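Novice: Quick one: sequence plus predicted model below, questions after.
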Amino acid sequence: MLLIDKLSYQSKLRYVNASEKLVYALLTLVLCVLSRSVKVAVLVFAVNGVLTVGKGGIPLFRYIKLLMIPLAFLAAGTAAVMINVSRTPMDAFALPAGEWYITGSCEGIRRGLRLCVTALSAVSSLYFLSLNTVMTDILCACRKLHFPSLLTELMLLIYRFIFVLFETASSITVSQQSRLGNRSFKTRIRSFGKLGASLFILALKRSGALYDAMESRCYDGSIRVLSREQPAKAGEIAVIALYGAVLVLVWLLCG
């Protein structure tokens, strides 16, 4: 089982209505992206952290470790916005490199930091949803909210095929380790190359077998799964609406 799936099953917010969590996550994500406001992004990030760690019971160390993954990509992208190579030094900083300068402007730094904070807050909204809601509940919520059926079916199939890929890679790795395939750096490189060469082929075969098994059980393009019904609560809906209104006010008043 993937780490995110394991944490979602252990979350204290697992049995909160999935449609409420989906709407909340999409609402905060859209407001973060549209507003491009640092204040809105910081507020969303803080509230998502409190809900995920404080209310959901997700370990803080795990949450921070998961945030480090997108943060590494954001840092690389932000650096490209903030740092320039030019013959003319800019106002923020300038490091001479021969006839050129590694330089940046104050406006570029502000733009890069705003981009990083906004993107990280949007990711925290997705983490709130994925760490507190199991995949089957997300799919059922999508159906209730009238998402396109093709989209929900593709989500479920891709989700299942990811597990097929990981299971295949895990079995190949165990087989290599049992044959001392990782005893030295040279053998690790060779084993990794063989893993990459055979993984796609074996995973494709297992995916084909899985699809054949589904068709033998009268698969007609629609996968139906059982989910635990959790009725929406008026109080929770009101809190989500109020929180969305607060974010809009912060966006309009503070920018």
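Specialist: Alright, I've got the coordinates.

Novice: Is the closest residue to residue 228 other than its chain neighbours inside a helix or a strand, and which specific one?
Specialist: Take residue 228 and drop its neighbours on the chain: the residue closest to it by C-beta to C-beta, 6 or more residues apart in numbering is residue 15, 6.8 Å away. All C-beta spots, glycine's among them, are computed from the backbone N, C-alpha and C. Secondary structure assignment for residue 15, by DSSP states H and E: no helix or strand.

Novice: Identify the residues contacting stretch 222-236?
Specialist: The contact list for stretch 222-236 (C-beta atoms under 8 Å, 6 or more residues apart in numbering) reads 15-20, 136-137, 139-140, 149, 153, 156-157, 214.

Novice: let's see it at 10 Å
Specialist: 14-21, 23-24, 134-141, 143-144, 149, 152-153, 156-157, 160, 214, 239 (C-beta atoms under 10 Å, 6 or more residues apart in numbering).

Novice: Narrow these to just the buried residues.
Specialist: Listed as buried from these are 14, 16-21, 23-24, 134-141, 143, 152, 156, 160; burial here means 16 or more other C-beta atoms under 10 Å.

Novice: Which of those fall within helices?
Specialist: 18-21, 23-24, 135-141, 143, 152, 156, 160 (DSSP state H).

Novice: so where's the longest helix in this structure?
Specialist: Every helix in the chain considered (DSSP H), the longest is helix 185-216.

Novice: distance between that one and the chain's centre?
Specialist: 25 Å (C-alpha atoms, centre = their mean, to the nearest Å).

Novice: what's it packed up against?
Specialist: helix 149-178 (3 or more C-beta pairs under 10 Å, 6 or more residues apart in numbering; DSSP states H and E).

Novice: Which neighbouring elements make contact with the helix it packs on?
Specialist: Partner elements for helix 149-178 (3+ C-beta pairs under 10 Å, 6+ apart): helix 135-144, helix 185-216.

Novice: which phi and psi does the residue of the chain positioned farthest from its centre have?
Specialist: Of all residues in the chain, residue 99 has its C-alpha farthest from the mean position, at 42.6 Å, by C-alpha atoms, centre = their mean. Per-residue torsions, residue 99: phi -90, psi 0 (degrees, to the nearest 10).

Novice: Also residue 14?
Specialist: When read as degrees, to the nearest 10, the backbone of residue 14 gives phi -60, psi -40.

Novice: for residue 84, same thing?
Specialist: Dihedral pair for residue 84: phi -130, psi 160, per degrees, to the nearest 10.

Novice: hang on, isn't it packed against residue 90?
Specialist: Yes. Assessed by C-beta atoms under 10 Å, residue 84 is found in contact with residue 90 at 6.9 Å.

Novice: So for stretch 94-109, what gets flagged as buried?
Specialist: Buried residues in stretch 94-109, counted by 16+ other C-beta under 10 Å: 94, 101, 103-105, 108-109.

Novice: From the residues you listed, which land in strands?
Specialist: Judged by DSSP state E, the buried residues of stretch 94-109 include 94, 101, 103-104 as members of strands.

Novice: quick one: low-confidence ranges for the stretch 151-255 of the chain?
Specialist: Applying pLDDT under 70 to the stretch 151-255 of the chain flags residues 221, 223, 225-227, 255.

Novice: Contacts for stretch 191-210, please.
Specialist: With C-beta under 10 Å, 6+ apart as the criterion, stretch 191-210 contacts 157, 160-169, 171-173, 175-177, 179-183.

Novice: Need the buried ones from those selected in ChimeraX.
Specialist: Buried members of these, defined by 16+ other C-beta under 10 Å, are picked up in ChimeraX with:
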select :160,161,164,165,168,169,172,173,176,181
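
Novice: returning to that earlier point: just the pLDDT for the residue farthest from the centre of the chain.
Specialist: pLDDT recorded at residue 99 is 78.

Novice: Pretty sure it sits against residue 87.
Specialist: Yes. With contacts counted by C-beta under 10 Å, residue 99 reaches residue 87, the gap being 6.6 Å.

Novice: Could I get the contacting residues of the residue farthest from the centre of the chain?
Specialist: residue 87.
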